[in-house]
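Engineer: Mind folding the following:
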Amino acid sequence: HGLDQITNKHPTEERLGVPHHVMDHVKWEEQYYIHRFKRECENAMKKCWDDGKIPILVGGTHYYLQSVLFDNKTIGSNDEVEVDASKLTKEQKEILNGDSNIIYEKLKEMDPVISQKFHPNDTRRIKRALEVCYVFNEPASSVYGRQRETNDSNGTSLKYDTLFFWVYSKLPQLDTRLDSRVDKMMYNGGLTELGELYKFYQKEILVGNETVEKMDSGVWQVIGFKEFLPYLNKHGPDTLIAIDSAVDTKERNEAIDKLLMEKEFAQCCDEMKLKTRRYARKQIKWIKNLLGPQLKEEEANGFVKFGKIYVLDATNLSLWNEGVGKRGKQICEEFLRLGYVKQFVDIPDSLNDEKLIIEKSPNKAENWVHHVCEICTDRETGKPLVYVGDQWEIHLKSKKHRHNLNRGKRKREYEEWLKKKNVK
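Structural biologist: The predicted model follows:
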């Protein structure tokens, strides 16, 4: 509820009177899980159908939408399963609330197959998987396998006749827009939101709320708050709220201009921009590596419920009406008329060089293998990086890996040269 700027909600004035659902109803202190979203989303969809309307799902957190559109496709992460925590023993609760390394080791012990699906740092999903193992007294991988067999026998894993649109922008232009959005956020009420959320944060810290301290769930995991904690912890919230509350518009904007030039605040903004760009790339990878292959399965089964993805080019905003509006409208009209689309290519010519649809095998259990790169290390922990499944091949071809490989080679050559020199 609230935090329109920090959470980047679609501005009301731009919605053109179209009702938006499953928004503005979760309190800051609440946890919001995927099964609740799924239930609320399906209720909203039913209301649309009852009113003679067609629901449009907009992401967002992609695997949340995946839980709504596909049958049991998120069971691999176990987020969709509703778990009765009252069935957990005291010992199990202590393990689940304890050290993340112990949680991961316990999951490997109880379900070695599903443990390979997750990166060791993906604490939330690992914890959730172990919780499901405890409550259902069965490996989650077994449940996943049975449900996959059911989907295969049905010829589709989609629940509804579905048309997918991917509104895509090339990365240089997207990065510019994302950076600009962070700056605009400060002028549109973001400073007050940061101040008010920080006051709430302080209250929760005082009562010993461990969830708040971890900053990994609920409202606290949003990009756009924790990045500003260094500034807020030092200067407090009142300065930001006062700047935002200035009556004179010119004075207010000048004060915000000055704030954005301050080194400490500018560093927080830069951190938010960096995190936002990374998240955008993560979303792109999700579509390429997970959604794309899933929809290829639909194609292999003859598009029982269609489920094809069409890319709309949003790189140049001056061409929005043509590349997104007109193309999207025509594709949608044909789908509603025929139940499928045949007159339009899935990727426009302007994006043919972007390699958006990757030909790869689906995310099956046999591909859940961990690979450790001894050459590349995590910046924060210094530990070797771990990659799961197909991400390993992508990493080996990456600039980062090649750079580290060459740097290591140069270091070894220098050490050999130094050793020979000292011998002489």
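Engineer: Point out where the stretch 151-300 of the chain drops to low pLDDT.
Structural biologist: 151-154 (pLDDT under 70).
Engineer: Tell me how far the closest residue in space to residue 358 that isn't next to it in sequence lies from residue 190.
Structural biologist: Residue nearest to residue 358 in three dimensions, not counting chain neighbours: residue 288, with 5.1 Å by Cβ to Cβ, 6 or more residues apart in numbering. Every C-beta, even on glycine, is put in place using the N, C-alpha and C of the backbone. Distance, residue 288 to residue 190, by Cβ to Cβ, to the nearest Å: 31 Å.
Engineer: ok, residue 356 touching residue 310?
Structural biologist: No: the pair residue 356 / residue 310 is not scored as a contact, 10.8 Å apart, by Cβ atoms under 8 Å.
Engineer: picking that back up, more neighbours: residue 288 and residue 190, which one.
Structural biologist: residue 190 (24 against 16; other Cβ atoms under 10 Å).
Engineer: confidence score at the residue nearest the centre of the chain?
Structural biologist: Geometric centre of the chain, nearest residue: residue 61, 5.0 Å, by Cα atoms, centre = their mean. pLDDT, residue 61: 78.
Engineer: From residue 351, how far off is it?
Structural biologist: Remark: distance between residue 61 and residue 351 (Cβ to Cβ) = 24 Å.
Engineer: before we move on, what SS does residue 55 have?
Structural biologist: Of the three states, residue 55 takes coil under DSSP: H, G, I helix; E, B strand; the rest coil.
Engineer: which residues are in contact with the strand or helix carrying residue 254?
Structural biologist: Assigning secondary structure by DSSP states H and E places residue 254 in helix 249-261. Under the criterion Cβ atoms under 8 Å, 6 or more residues apart in numbering, residues 183, 186-187, 191, 240, 243-244, 246, 265-266, 269 lie in contact with helix 249-261.
Engineer: Just list what whichever helix or strand comes after it packs against, helices and strands only.
Structural biologist: Where DSSP H and E defines the elements, the next helix or strand beyond helix 249-261 is helix 263-286. With contacts taken as 3 or more Cβ pairs under 8 Å, 6 or more residues apart in numbering; DSSP states H and E, helix 263-286 sits against helix 62-69, helix 171-185, helix 229-235, helix 249-261.
Engineer: Recalculate using a threshold of 7 Å.
Structural biologist: Under the contact criterion of 3 or more Cβ pairs under 7 Å, 6 or more residues apart in numbering; DSSP states H and E, helix 263-286 touches helix 171-185, helix 229-235, helix 249-261.
Engineer: Turn those helices into JSON lines, columns for distance to residue 123.
Structural biologist: Below are the helices and strands packed on helix 263-286 laid out as JSON lines (distance: least, Cβ to Cβ, whole Å):
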{"stretch": "helix 171-185", "distance to residue 123": "26"}
{"stretch": "helix 229-235", "distance to residue 123": "20"}
{"stretch": "helix 249-261", "distance to residue 123": "34"}
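Engineer: of all those helices, which lies closest to residue 385?
Structural biologist: Smallest distance to residue 385 across those (Cβ to Cβ): 22.2 Å, for helix 171-185.
Engineer: and that closest one, which residues are buried?
Structural biologist: Buried residues in helix 171-185, defined by neighbour count with 16 or more other Cβ atoms under 10 Å: 174-175, 178-179, 182, 185.
Engineer: Specify the local secondary structure of residue 343.
Structural biologist: coil.
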